[in-house]
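**Q** Here is a sequence with its predicted model. Questions after.
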Amino acid sequence: MPGKKNGSYAMDNPGFENDLQMVEIQSPKSPDTGNQPKGFECDDHRVPLETLLKRYGANVTKGLKEDQVQANRAKYGKNILIPPKKPSLIFVLFKEIWGGLNLLLWACGFLCIISYLFQFLITPDNIAPDNLILFVSIVLVVHVSGTCSFYQDFKSDRIMESFKDMVPRQSIVLRNGKKMEMEVAEIVVGDIVEVKFGDLIPADIRILESHDFKVDNSSLTGESEPQKRSPECTHDEPMETKNLAFFSTNALEGVATGLVIRVGSNTLMGQLASLASNVDGGNSPLGIELNNFIKIMTIRSVVFGLSFFGVAMFLGYGLQNSVYFVIGIVVANVPEGLALTFTMTLSVAAQKMAKKNCLVKHLHAVEALGSTSVICSDKTGTLTQNKMSVAHLWFNNEIAEADTSEFQTGQNFDSDDPGFMALANVAMLCSRANFSPGQETVPVLKRLVQGDASETAILKCMELQFGNVAKYRQKYPKLCEIPFNSTNKFQVSIHDMRNPADPRYLLVMKGAPERIINLCSKILINNKEYDLDQQWREEFNKVYHTLGTYGERVLGFCDCKLPLDRYPVGVEFSEDDPNFLDVGFRFVGLMSMIDPPRAAVPDAVARCRSAGIKVVMVTGDHPVTATAIARAVGIITPGNETIEEMAISQGVSVEDINPAEVKAAVVSGAELKLLSPEELRNVIHNHEEIVFARTSPEQKYIIVDAFQDLGYVVASTGDGVNDSPALKKADIGIAMGITGSEVSKETADMILMDDNFATIVTGVEEGRLIFDNLKKLLAYQLADNIAEMYSVMFFIILGVPLQMGTIAMLLSVCGTDVWPAIALSYETAESDIMKLKPRNPREDKMVTPQLLSYCYGQNSFMEVFSGYFVSAVCYMLNGWMPWDLLWNQSAWNSKAINDMKDSYNQEWTYFARQELTFTAQTTFFISIVLTQIANVYCCKTRRMSLYQKGIGNMRMNIGVCFAILLACFLIYTPYLNFYVNFRYVRPEMWLAPIPFMLYMHFYDEIRKLIIRVSKGWLHTEFNY
């Protein structure tokens, strides 16, 4: 990979423009960039102003003429964001009702209605309404599940609208020699515009003139510090140079005049809008699994149907009956209630995650988080607290560590230490930051501050240490002040200390450390002043370097008591003509600030590691700061060095280091730009710990794409507009609920309501639980359907009366099964869930051969065996031995035969036989209900014993009671039981399935024991 930055590790401070800059070493290679999205490329910031004015027909003093306005608008377009075409809500609803699992149900519904129509046309006098009822039920189920899914998702596609909300409305423009206020949409390339503090930048502009002009680029780059803008080109990259300001960013300070170089969709914001809106996020892992399930069920239904069509024809059933059998097999093989319970399960999971501060916008995203194998996390506000805090102080030639925790209640420095007091005195007095009024009762850390980020950090630090900084300032009134500017790189104020014993005025100053130290002749150490000789300057440089390696922004502090002979009491000071900057100042110390990590993040990162999830930082901030935070939170673990750090520690060049030994990498945006897609994938594959810093929006997208190419399931976090393309591209995009922009929230699949990375890990655990519960749901509901399918098969092969009618089948899968099925979504996680590796979507499918074996060959087989046993008991109690029913259905169902003899030579009419069939089907239904109760408790866990997990899921317990009560209601309610083809059965018939329920329980306990204690083939085969 390309070489890393060398030179000083001092922090690049945009606010104070430190002289110590990180030097980029670019690789001589210029690899192919493949099909990666192009970055924001232009030369408008580099070319001479005269060339640029000529290019756009602009005039600095008079602006554009009307004919040039029309020409530029025709050539470069309007200053509006053009939204892409989106499907209508009707189409989205139609897709939800007809797509996914519902499509398979529609196919079954059409088979049912076709079967009903055939019966109506061929045998109108002997038609049963079962297939018509099943068709109506399927239509109802797909509409309910489709509408529920649509309701959860219909607000998720407003990306362009949220971009529009960020567009400024009015701007001052120079046209035809006159300044005028006009709609931003009327601005064209070549216009001269004026912007001031508080404005939104109306287009991408090149700065022509400026006065202390600063902009907030955090929504584009992730940098929280204000960025100074000036007419000088300072970098070849458009995103790095200081003479460009971008559409819709905020002007924080000063005023500027600029030349419009990009408008509308051609601006950086416009390109982000287009990229975010047009990115194909692909199908979610759960969507892929559902498609796979539909494919498997379709193939199996068709194979079973055609196979038994051949069997039926071979057994002489005739073409018409064989077609009916095919339809019956296919319909019985498809779980009609699964679509509804699937949707309800995901909805329940989304509600559970919302209670844990994860707001899910798309139902399929619920499970995707559990499949995550890499988290591409933003830094500011996600890993960090999104507030600058004083981290270290240097005084008395010692580095003192400040409290940067989220819940600090006060600093613990010795207020009697003269060295600390001298530093604190300058920090409190040399500041323009103030707490907003009316916050006396608000905790210090939560108070709003009028001031920049660095001064806010210092003010809160001092307030926690001393309390009431405002009162302290009032004691020593300010006589004169020179605010910070980029030329001086310092801020200075003079105060009356009101000390009769020493009436000298006190000058206090803070600023860029290298600038402050050069103005000083003395240094205060342990209440003694020493000459600031070369030895002390070397000590200063050493400390400055150390704090810089921490990724912290460093400020220097000094003071001076002005001599009375030059500055007597009552003298007037002028900030326009300062005559007090030539006296020798006394250096009192340094303060360094950083946006510190959130308290819960290191533990969350560690949990991710134990769960096999790679955490990668992707930020627009400086590499040094990014690296420091990455080490603090554990993204880069102790002992792991980058190739550059390894070269320095071993005293060799980077080329001499074996890349295979390097576990960590810090890749800057400039380096990333030189990597081909293949080289980027190699970097990702060969390094366990990675930090991407100074990345552009397109590069965040490219990083996510590279991880996906390697088979990772990617969760990407972000809060700014710059994150929106990557959020859309990722398998699951996660936006910040507090600090996140509306654009990122609309683009994302999930929103963290507390902006905390630790919440993601909680979501991962919940997502893994959801996948587990969905597999349990499949095992539970497929067992029922397959048992019903077996009853149809035995009906065909053995020629016995049909043991489960269509209505009974429907009442089982869409009635008694539903509550216990939904209750499975409330199951808590098994103890080892965060110790397992992430699911590989290419290998670890939801529907596996083991799951099908469990459903088709184990539980469902036991359920149908129990059903036939109970119905056989019913027939025997009424005089029919099982062998007398074999291959007898043709005569059994014949209306012409009214004297059929049973095993005891009793004669049975057609009506009596049908009544006995309904009674036997009722007992079969009872057996299915009871064995499904055993099955649902078997499905509570996949690996743990039920005796370990317990039966504390009260929703399931109530659901089981509901299933029994519903079955009793259907069977024993007069008239109702007649219409659903059920008949009264003796209560003791409910006892017959109990041995099979116990067998299912103990068999499943043995199966789970094998999973827990075995490895290899046995473990794989028994673990569905």
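**A** Yep, it's here.
**Q** Arg898 and Arg913, how far apart?
**A** No Arg there; residue 898 is Asn. Note on Asn898: its distance to Arg913, by C-beta to C-beta, to the nearest Å, is 9 Å. Any C-beta I mention is one placed from the backbone N, CA and C, and that applies to glycine too.
**Q** So for these two, which sits in the more crowded spot?
**A** Set Asn898 next to Arg913 and count neighbours by other C-beta atoms under 10 Å: Arg913 wins out with 20 against 13.
**Q** Asp899 is in contact with the more buried one, correct?
**A** No. At 11.0 Å, Arg913 does not count as touching Asp899 under the criterion of C-beta atoms under 8 Å.
**Q** Please enumerate the shared neighbours of these two.
**A** The contact sets of Arg913 and Asp899 do not overlap (C-beta atoms under 8 Å, 6 or more residues apart in numbering).
**Q** what's the following helix or strand after the helix or strand Tyr999 falls within?
**A** In this structure, Tyr999 sits in helix 994-1013 according to DSSP states H and E. For helix 994-1013, the succeeding helix or strand toward the C-terminus, using DSSP H and E, is helix 1017-1022.
**Q** after the helix or strand of the chain with the lowest mean pLDDT comes which helix or strand?
**A** The helix or strand of the chain with the lowest confidence, counting by mean pLDDT, DSSP states H and E, is helix 159-165 at a mean of 45. Downstream of helix 159-165, the first helix or strand assigned by DSSP H and E is strand 170-175.
**Q** and that following strand, what does it pack onto?
**A** strand 178-183, strand 192-196 (3 or more C-beta pairs under 8 Å, 6 or more residues apart in numbering; DSSP states H and E).
**Q** Kindly export the shortest one (C-alpha atoms) in CSV.
**A** Coordinates of the C-alpha atoms in strand 192-196 are reproduced here as CSV (Å, rounded to 0.1, in the frame of the first residue of the first chain):
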residue,chain,number,x,y,z
ILE,A,192,-20.9,37.0,-8.4
VAL,A,193,-22.5,36.3,-5.0
GLU,A,194,-22.0,37.7,-1.5
VAL,A,195,-22.4,35.5,1.6
LYS,A,196,-22.1,36.5,5.3
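**Q** Could you pull up the residues touching Lys242?
**A** Contacts of Lys242 (C-beta under 8 Å, 6+ apart): Ile207, Gln227, Lys228, Arg229, Ser230, Glu232, Cys233, Thr234, His235.
**Q** any idea how far it is from Tyr856?
**A** 68 Å.
**Q** my guess is Pro659 contacts Val683, does it?
**A** No. The pair Pro659 / Val683 is not scored as a contact, 9.7 Å apart, by C-beta under 8 Å.
**Q** And the two? Which one has more around it.
**A** Comparing Pro659 with Val683 by other C-beta under 10 Å, the one with more neighbours is Val683, at 21 against 13.
**Q** three-state assignment of the residue nearest the centre of the chain?
**A** Closest to where the C-alpha atoms of the chain average out (C-alpha atoms, centre = their mean) is Ile734, at 2.3 Å. What DSSP: H, G, I helix; E, B strand; the rest coil gives for Ile734 is strand.
**Q** So that it lines up with my notes, have the first residue be 299 from now on.
**A** With the count now opening at 299, the last piece we talked about shows up as Ile1032.
**Q** Mind listing the residues bridging to it?
**A** Thr1015, Met1048 (DSSP bridges).
**Q** which residues touch it?
**A** Ala1013, Ser1014, Thr1015, Gly1016, Leu1025, Ala1046, Asp1047, Met1048, Ile1049, Leu1050, Ile1058.
**Q** and the fourth one, what is it in contact with?
**A** When contacts are counted by C-beta under 8 Å, 6+ apart, Gly1016 is found next to Asp676, Lys998, Ser1022, Ala1024, Leu1025, Gly1031, Ile1032, Ala1033, Met1034, Gly1038, Ser1042, Ala1046.
**Q** Mind doing that once more with 7 Å?
**A** Contact analysis of Gly1016 by C-beta atoms under 7 Å, 6 or more residues apart in numbering lists Asp676, Ala1024, Leu1025, Ala1033, Ser1042.
**Q** And Glu481, how far from Lys376?
**A** From Glu481 to Lys376 the distance is 11 Å (C-beta to C-beta).
**Q** hmm, back to that, now do the residue nearest to the centre of the chain, the pLDDT please.
**A** Note for Ile1032: predicted pLDDT of 88.
**Q** what's the answer for Tyr374, then?
**A** Note on Tyr374: pLDDT of 90.
**Q** and Gln468, how far is that from Gly375?
**A** For Gln468, the distance to Gly375 - C-beta to C-beta - is 20 Å.
**Q** Between the two, which has more neighbouring residues?
**A** Gly375 (17 against 13).
**Q** what residues are up against the more buried one?
**A** Val561, Gly562, Ser563, Asn564.
**Q** can you list the domains in this protein?
**A** 352-381+466-564, 633-649+1065-1320, 656-682+896-1053, 687-702+711-889 (the TED database).
**Q** Now do Val345: how many residues are near it, please.
**A** Based on other C-beta under 10 Å, the number of other residues close to Val345 is 15.
**Q** so when I look at it, I'm seeing a strand, right?
**A** No. If the criterion is three-state DSSP, then Val345 is coil and not within a strand.
**Q** Got phi/psi on it?
**A** phi -70, psi 150 (degrees, to the nearest 10).
**Q** ok so, going back, go through the contacts of Gly1016 and single out the one with the most neighbours.
**A** Taking other C-beta under 10 Å as the neighbour criterion, Leu1025 ranks highest of those with 34 neighbours.
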